[in-house]
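J.: Sequence first, then the predicted structure, then my questions.
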Amino acid sequence: MSSTSNTSTHHTSTIGAIGAPSRRNTELALLVFAVAIPVFAYANVGLAINDEVPSGLLAYGLGLGLIAGVGHLVVRKFAAYADPLLLPLATLLNGLGLVVIWRLDQSERLQQLAERQYGVFSPSAPNQLMYSAVGLALFVAVLVFLKDHRILQRYTYISMVVAIVLLLLPLVPGVGADVFGAKIWINVAGFSIQPGEFAKIIIAIFFSGYLMVKRDALALASRRFMGLYLPRGRDLGPIITIWAVSLLILIFENDLGTSLLFFGMFVIMLYVATERTSWIVIGLLMSAAGAVGVASFASHVQARVDAWLDPFGCYKTSGACEQIGQSIMSFGSGGVMGTGLGQGNSDLIGFAANSDFIFSTFGEELGLAGVMAILLMYGLIIERGIRTALAARDPFGKLFAVGLSGAFALQIFVVAGGVMGLIPLTGMTMPFLAAGGSSVIANWALVGILIRISDTARRPAPTPASNPDAEMTQVVRP
Amino acid sequence: MNKPLRRIAIFCGLLVLTLLIRDNWIQYAQADALKSHEYNRRVSIERYATPRGDIIVDGKAITGSVATEGTDFKYKRTWKNGEMWAPVTGYASQIVGATQLESLEDGILTGNDDRLFFRNTLDMLTGKKKEGGSVVTTLNAAAQKAAFEGLGDRKGAVAAIDPTTGAILALASTPSYDPSAFAGISTKDSEAFSKLEKAKDKPMLNRALRETYPPGSTFKVVTAAAALESGEVGGIDDKTDTPDPYRLPDTTTDLTNEHGVCKNASLRYALMVSCNTVFAKLADNVGNEKMIEMADKFGFNNPELDTPVRAAESVYPEDNRPQNAMGGIGQASNRATPLQMAMVAAAVANDGKLMKPYMVDQLQASDLETIETTEPEELSQPVSAETAQALQQMMETVVNDPQGTGAKAKIDGVTVGGKTGTAQHGLNNSEKPYAWFISYAKTGDGSSPVAVAVVVEDGAANRDDISGGGLAGPIARDVMKAVINSKK
């Protein structure tokens, strides 16, 4: 990796002269594994639960293969120089997620729970497969229609409005839905949508566009105080606005995760744009103040903090504690090697076992080994995203890529840390693994955008335009 | 912008690293604690995932397992004739846990015992499901049946042991309960259990092992042993120096007899007609200290008598002179379990040697290989062989002499020795007395295959000493008969 974008340009253009490697065949080889592993896992679950290879194995294999194949062909055609790891990693995680969702569909305990609560049990795996297909369609649309990510720069302020509208939609009466205390859902035409997942991407567009323009003002006009460069008062405006919006989300939607995600993403992008450590310090102070302030007022958040501090102390009295306790016991019971797919009892978690808490099933059934592998896969996606940011030649692309990767990293940390009892639980889902249409669709779009940026970054520089003067025919301008 | 980007890359790497460390903490460092956490239902799920091993009597299982429906605890315990066997097995319920043998040998029965670890590992490698081992008891099905049916609708208990080894042959308690009624985890099981728990006549109390009664006249055997061993009485047919009535020392209370001519009666005669005066005076002559010493040797005052189910402690306490004298006829603060009184009869029958009572003969793995065998163990030698034989003669007189109180325990062709008892209790003896009978049988070769103690709580209204022989005697006889017949 070259250290600056200048040499990078130089470097790739040199290779371009002899034909830059597109790494598409590497991607194809990896995709074969990314499809084969979930297919084996699927057979494994069937054998463990019903003592037979599941009848849907072929359809599932073909479905996942189709997703991978279409994704690959589109990347080959429209983003030939893209990063070869992102698509296989997303496919593998999506495939494993489908397998575990199907596995939890087979759980009698969850079936009975659903029948008691809603009168009817409906399996989640078929829907998830459909959402994955829709997600892939969005991925394809991004690659086909977004020829250059810099086009998005034009929509900086529109993005801001759209993102804020999306974030506030759950609060609109009649549209928003209160699901177990968290108001992060909206109901549209019979579908439940989590607008926050989409807002995550759209607001990254706004941050990138805004910071690209304002970075010099934010970075240079500052006073030195105690070794830190403090920004001018008026430059504090944007960060305070974002902070306030985050707090509003937290207070009115009871959604700690989304709130943390937006604020964290903004601070990361601000730091990258201005190269000023002071922003990190200010950001941390503000989030700490906000979190402590809200935690001491909102009972919903308080209960989760208590559950995090001592899940077994209040296990018998609080649902939040029981959930975390069950989740931690699920991980512990898996041990190093896990019980094997289909053989654990992670469904004891009950509610949200296949969405917010799906990671616990991975923990119990695939063990420490499996969880570490999955965390490393997420780590790879994140680092490939940041690498894309490093390789990008334009500041907007850099900021956009690091914003998306940073948000992805924060989301992994907040969700996995939450279910493992490392931090208080928030209401977010593991990207690609968890059941839920919005999440899987939005994350496919996110991967599509990263692939688009990485393609632009790695593509050999176009050969210099031929000198018009040397052309045989000249256009006479009016 | 690349410098902060690299830092962000490191920051994100640290986030993932933190998650990895946390994961190692809960899935490796804390894994065992979480796996066996008290709130972890997997412990119970695993426990009930396979059929529980069985408790065996006479080569046949008296327990079983049945697959359940609608719960994740897959197998629950069943009992064959649970009411009869409950005092032996205890219960093993998914909702309230286990007691007695079911609890003490839980490791073997579930297959989780460390001694089965190697086998389990082997089974895991060959893909075989884990199976529980079995607990082979010393009980005698015929004797248990005789005891349980003999008690019938009456409240009471029977304990029978093999005097030569200490093996427990029968352990019945009535009214009893069927542990199958609450073996599962449903609301029905829970209700059945709380109903049994609240029942007035305490069906879940194991009267043979866990309830102490005033031993009444059956304790006179111990008093006689103390008198003979201490030299207070030279021989069983020597006249004793006893007034009738006998004024209790340091009091103005006169002790009388129910029947018989007890003035200066010999030890043999006094035991035969159950003279209160003779034994109260002898207990006083021997003294509290030596009475305690003798009682201790017979197994009293031992809070840790494990069969392996722990028996309640039978006591002969330190006390003043009048109380000690009354203790000599089993009517003071001394109390005994039916098992304890069976041990007294057994020690006499075994020529003075008291064997430790036990009810688990063997622990077996699921492939029937023996893991542990209980070896008979001598607990003490309360009396010399000569004294024991003298006591035997006396107890045999109780049964064989036409005037004796224990005539109902007679068995044709078998030598039987016994002692009746009617223990009064309640404020001013207002409640119905307990009818006691302790006895042993001897076969032709002089060895004794069985000693038994029977207590029937609602003794007859008349306080006649015969009631012990009348109510409890036939039960003891049937139990002894059952043991002798099963040996043939």
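T.: Okay, I see it. Numbers count the residues shown, from 1 in each chain, chains lettered A, B, ... in the order given.
J.: Now the residue in the stretch 251-400 of chain B that chain A sits nearest to: closest residue in space, sequence neighbours ignored.
T.: Chain A sits closest to residue B:366 of the stretch 251-400 of chain B, with a gap of 22.0 Å, by C-beta to the nearest C-beta. Heads up, the C-betas are built off the backbone N, CA and C, glycines and all. Leaving aside its sequence neighbours, residue B:366 sits nearest to residue B:131 (C-beta to C-beta, 6 or more residues apart in numbering or on different chains; 3.6 Å).
J.: Wait, the one you found touches residue B:112, no?
T.: No - at 11.4 Å, residue B:131 and residue B:112 do not qualify as touching, with contact defined as C-beta atoms under 8 Å.
J.: what about these two, which has more around it?
T.: Using other C-beta atoms under 10 Å in any protein chain shown as the criterion, residue B:131 and residue B:112 rank with residue B:131 on top: 19 against 15.
J.: residues contacting that one?
T.: Under the criterion of C-beta atoms under 8 Å, 6 or more residues apart in numbering or on different chains, the neighbours of residue B:131 are B:50-51, B:53, B:111, B:123, B:366.
J.: Sort those by pLDDT and name the bottom one.
T.: Lowest-confidence member of those: residue B:123, scoring 81 (pLDDT).
J.: what's the distance between that one and chain A?
T.: Here residue B:123 is placed at a distance of 16 Å from chain A (C-beta to the nearest C-beta, to the nearest Å).
J.: That residue in helix, strand or coil?
T.: Recorded secondary structure, residue B:123: helix (DSSP: H, G, I helix; E, B strand; the rest coil).
J.: Pretty sure it sits against residue B:117.
T.: No - Residue B:123 is beyond contact range of residue B:117, at 10.6 Å (criterion: C-beta under 8 Å).
J.: Alongside chain B, which residues does the stretch 351-478 of chain A contribute?
T.: Residues of the stretch 351-478 of chain A lying near chain B by C-beta under 8 Å from any C-beta of the partner chain: A:363, A:367-368, A:371-372, A:375-376, A:378-379, A:382-383, A:386-387, A:389-390, A:395, A:398-399, A:402, A:405-406, A:409-410, A:412-413, A:416-417, A:420-422.
J.: Would you map the strands across the stretch 351-488 of chain B?
T.: Taking DSSP state E, counting those that start in this stretch as the test, the strands found in the stretch 351-488 of chain B are B:354-355, B:360-364, B:370-373, B:378-380, B:415-423, B:434-442, B:450-456.
J.: can you redo these as JSON lines with mean neighbour count, distance to chain A and mean pLDDT?
T.: Output for the strands of the stretch 351-488 of chain B, formatted as JSON lines (neighbours: other C-beta atoms under 10 Å in any protein chain shown; distance: least, C-beta to the nearest C-beta, whole Å; pLDDT from 0 to 100):
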{"stretch": "strand B:354-355", "mean neighbour count": "22", "distance to chain A": "46", "mean pLDDT": "97"}
{"stretch": "strand B:360-364", "mean neighbour count": "20", "distance to chain A": "29", "mean pLDDT": "95"}
{"stretch": "strand B:370-373", "mean neighbour count": "13", "distance to chain A": "28", "mean pLDDT": "93"}
{"stretch": "strand B:378-380", "mean neighbour count": "15", "distance to chain A": "45", "mean pLDDT": "95"}
{"stretch": "strand B:415-423", "mean neighbour count": "29", "distance to chain A": "47", "mean pLDDT": "92"}
{"stretch": "strand B:434-442", "mean neighbour count": "30", "distance to chain A": "45", "mean pLDDT": "94"}
{"stretch": "strand B:450-456", "mean neighbour count": "33", "distance to chain A": "43", "mean pLDDT": "96"}
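J.: Turn the ones you listed into JSON lines, columns for distance to residue B:61.
T.: Shown next, in JSON lines, are the strands of the stretch 351-488 of chain B (distance: least, C-beta to C-beta, whole Å):
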{"stretch": "strand B:354-355", "distance to residue B:61": "27"}
{"stretch": "strand B:360-364", "distance to residue B:61": "12"}
{"stretch": "strand B:370-373", "distance to residue B:61": "17"}
{"stretch": "strand B:378-380", "distance to residue B:61": "30"}
{"stretch": "strand B:415-423", "distance to residue B:61": "33"}
{"stretch": "strand B:434-442", "distance to residue B:61": "29"}
{"stretch": "strand B:450-456", "distance to residue B:61": "24"}
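J.: was I right about residue A:246 contacting residue A:259?
T.: Yes - Residue A:246 lies in contact with residue A:259 (C-beta under 8 Å); the separation is 4.3 Å.
J.: how close does residue B:219 sit to chain A?
T.: For residue B:219 relative to chain A (C-beta to the nearest C-beta), the value is 50 Å.
J.: Tell me who's in contact with the residue of chain A found nearest chain B.
T.: Among the residues of chain A, residue A:332 lies nearest to chain B; the distance is 2.4 Å by C-beta to the nearest C-beta. Neighbouring residues of residue A:332 by C-beta under 8 Å, 6+ apart: B:26-27, B:30-35, B:37, B:40.
J.: How about residue A:340?
T.: With C-beta under 8 Å, 6+ apart, residue A:340 has these contacts: A:44, A:48, A:365.
J.: Can you find the helix or strand in chain A with the smallest mean pLDDT?
T.: Ranked by mean pLDDT, DSSP states H and E, the helix or strand of chain A with the weakest confidence is helix A:5-18, at a mean of 42.
J.: what's the distance between the residue nearest to residue B:174 when sequence neighbours are not counted and residue B:213?
T.: Distances taken as C-beta to C-beta, 6+ apart place residue B:151 nearest to residue B:174, at 4.3 Å, with adjacent residues excluded. Computed as C-beta to C-beta, to the nearest Å, the residue B:151 to residue B:213 distance reads 14 Å.
J.: next one: residue B:441
T.: Residue B:441 is 23 Å from residue B:213, by C-beta to C-beta.
J.: and what of residue B:81?
T.: Look at residue B:81 and residue B:213: by C-beta to C-beta, they are 26 Å apart.
J.: and if you look at residue B:374?
T.: 28 Å.
J.: which one of those two has more residues nearby?
T.: residue B:213 (24 against 18).
J.: Contact partners for that one?
T.: B:335-338, B:423, B:425, B:434, B:436, B:455, B:457.
J.: any idea which of these is closest to residue A:298?
T.: residue B:337 (61.6 Å; C-beta to C-beta).
J.: which regions of the stretch 301-450 of chain B lie under the pLDDT threshold?
T.: B:427-428 (pLDDT under 70).
J.: returning to what we had before: can you narrow the contacts of residue A:332 to ones near chain A?
T.: Okay, of the contacts of residue A:332 touching chain A (C-beta under 8 Å from any C-beta), that's B:26-27, B:30-35, B:37, B:40.
J.: Let's see which of those end up in helices.
T.: Within these, residues falling in helices by DSSP state H are B:31-35.
J.: quick one: which of these is most hemmed in?
T.: Top of these by neighbour count (other C-beta under 10 Å): residue B:34, with 23 neighbours.
J.: rewinding a little: chain A: which of the ones next to chain A among the contacts of residue A:332 is nearest?
T.: Among the ones next to chain A among the contacts of residue A:332, residue B:34 lies closest to chain A (C-beta to the nearest C-beta), at 2.4 Å.
J.: Chain B against chain A: which residues are in contact?
T.: B:1-9, B:11-13, B:15-16, B:18-20, B:22-24, B:26-28, B:30-35, B:37, B:39-42, B:45, B:72.
J.: could you flag which of these are buried?
T.: B:1-2, B:4-5, B:7-9, B:11-12, B:15-16, B:19-20, B:22-24, B:26-27, B:30-31, B:34-35, B:37, B:40, B:42, B:72 (16 or more other C-beta atoms under 10 Å in any protein chain shown).
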